[in-house]
Structures are given as structure tokens and as C-alpha cells.
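[1] With the input below, show me the fold.
(chains A and B)
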Amino acid sequence: GQQLNQSPQSMFIQEGEDVSMNCTSSSIFNTWLWYKQDPGEGPVLLIALYKAGELTSNGRLTAQFGITRKDSFLNISASIPSDVGIYFCAGLDTGGFKTIFGAGTRLFVKA
Amino acid sequence: DGGITQSPKYLFRKEGQNVTLSCEQNLNHDAMYWYRQDPGQGLRLIYYSQIVNDFQKGDIAEGYSVSREKKESFPLTVTSAQKNPTAFYLCASSIGRARGNQPQHFGDGTRLSIL
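    As a prediction, the model looks like this:
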């Protein structure tokens, strides 16, 4: 079945550093999504990307939909302690209904 | 405010017992989903429903059952046939396929533990 490879699995960074994570797939997706999950909570949608090549920002977050439609990355600039959590990428399949999730990147920020 | 409400937040199950997790949404979304999340893992799809009175099995449906009698409600029953039910359960909803590809939005989850 379809799978997303998300990397890195975890990151330990210092407050103020920039962060980059990415997702790749062997399948084409029409939509790429990035979510953040805080401990004990549900994932919250950060950024949605609908067009190949699209670059979208949400505050300190920037995400891009790869030209091949098989990859996406998320950057976080000037990290702060509240950025701690699990970041999931997700792709909506070409049928438009099923969402495939990556395994998540666990971000730890040291103040 | 519109959103997805899951209850209870924490639930304990005895051996051989069925338990039902509640999920309600007031977003007027057609599609609803149930996921299971194990510690340090991603999300695995249990069941989904595209419209009232219709639902399909996801990747790990064995030991679970659902119903979709109302648009706003999609309860999940964890049956005694599910031998390893301890996990974090997440409910989600989306506008629905008929209105284009739209992201899913999640509730705050129910943590189920076996006694």
C-alpha cells in the first residue's frame, strides 16, 4: 500500500535554531498536509498544500509541495520551547479520500 | 465553537468487556474517521464513514465496530475480540469527497487502558 517516509524520526535542538523535516513517497499525492500533535492531544493542522511547487508559510513555519508530487518539507525558523511535539506529514491519495500519515518527527527544544 | 468532541478522555476496560468511545462533530462534515495511535507510533486507520448509514473498514478493523446513524456522531466500540486495546484513539472528520479534497480535523482523543 501507499506509505510515507518521514525523516528524521526525532530531533533535539537548541532554542533559536531552525528545523527542517521532510516526507517522501513512491506514490503521487494531490494534497500534502502537515500536522502538529502535543502530548495527550489530537493533531492540529498547520499547513495544507494543494498544488505542486506550492510554498506556503504560517508564521515561523514554511512548507513546500514538491514538484514531483512525491515529497514535501516543513521548516520551522527560530524554534521556541512550545514547538515541542510530534509533527506529522500526510498525503491525500489521488482518489481524494484516504489520508496517508507519516510516522512523525518528534521535536525536542532545549531552552 | 465548532469542533470535534471525544469522550471520555480516559477509559478503562476489563478483560472480556466491550467499551464504546464517543465522537461528535458540529462542523457539518460528511466524512468521519477513527484512528489508533500506539506510543511512539503514527496513526493507523480503523474505520471511516463517508456518509450517514455507510462505513468502511480501514487497515486495522478487526476487534472494532462502528455505526453512523447520525451525521454528527460516529461511535467506536472496542470489542472483547480486540486483544490489545490499550492505545490512544483519535476521531477525525472532513468536509467530504463530494466537496473536494479537504484535510481532516481531529478531536483530542480518548486514552483506553486495560485493567
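[2] State the helix or strand in which the residue of chain A found nearest chain B lies.
    At 3.5 Å from chain B, A:Gly42 is the closest residue in chain A, using C-beta to the nearest C-beta. Where C-beta positions appear, they are placed from N, C-alpha and C, glycine not excepted. Using DSSP states H and E, A:Gly42 maps to neither a helix nor a strand.
[3] Neighbours of the nearest residue to it once chain neighbours are set aside, how many?
    Of all residues not flanking A:Gly42 in the chain, B:Phe106 sits nearest, at 3.5 Å (C-beta to C-beta, 6 or more residues apart in numbering or on different chains). Other residues lying near B:Phe106 total 23 when counted by other C-beta atoms under 10 Å in any protein chain shown.
[4] which regions of chain A lie under the pLDDT threshold?
    Applying pLDDT under 70 to chain A flags the ranges A:1-2, A:94-97.
[5] Determine the three-state secondary structure at A:Gly82.
    Heads up, residue A:82 is Ser, not Gly. Secondary structure, DSSP: H, G, I helix; E, B strand; the rest coil: A:Ser82 is helix.
[6] Tell me who's in contact with the residue in chain B positioned nearest to chain A.
    Nearest to chain A, among the residues of chain B, is B:Phe106, at 3.5 Å (C-beta to the nearest C-beta). Going by C-beta atoms under 8 Å, 6 or more residues apart in numbering or on different chains, B:Phe106 touches A:Tyr35, A:Gly42, A:Pro43, A:Val44, B:Ile4, B:Leu90, B:Cys91, B:Ala92.
[7] among those, which ones are buried?
    A:Tyr35, A:Gly42, A:Pro43, B:Ile4, B:Leu90, B:Cys91, B:Ala92 (16 or more other C-beta atoms under 10 Å in any protein chain shown).
[8] measure the fourth one to A:Lys110 for me?
    For B:Ile4, the distance to A:Lys110 (C-beta to C-beta, to the nearest Å) stands at 33 Å.
[9] The third one now?
    If you measure A:Pro43 against A:Lys110 using C-beta to C-beta, the figure is 24 Å.
[10] Likewise for the first one?
    Taking C-beta to C-beta as the criterion, A:Tyr35 is separated from A:Lys110 by 23 Å.
[11] Same question for A:Ser57.
    25 Å.
[12] Quick one: end-to-end distance for stretch A:101-111.
    30 Å (C-alpha to C-alpha, to the nearest Å).
[13] Which residues outside it are in contact with it?
    A:4-15, A:19, A:21, A:23, A:37, A:76, A:79-81, A:83-90, B:40-43.
[14] Equivalent analysis for stretch A:25-38, please.
    With contacts defined as C-beta under 8 Å, 6+ apart, stretch A:25-38 is touched by A:2-5, A:23, A:43-50, A:61, A:63, A:65, A:68-72, A:74, A:84-94, A:96, A:99-100, A:104, B:101, B:103, B:106.
[15] In it, which residues are buried?
    In stretch A:25-38, counting by 16+ other C-beta under 10 Å, buried: A:Ser25, A:Phe29, A:Asn30, A:Thr31, A:Trp32, A:Leu33, A:Trp34, A:Tyr35, A:Lys36, A:Gln37.
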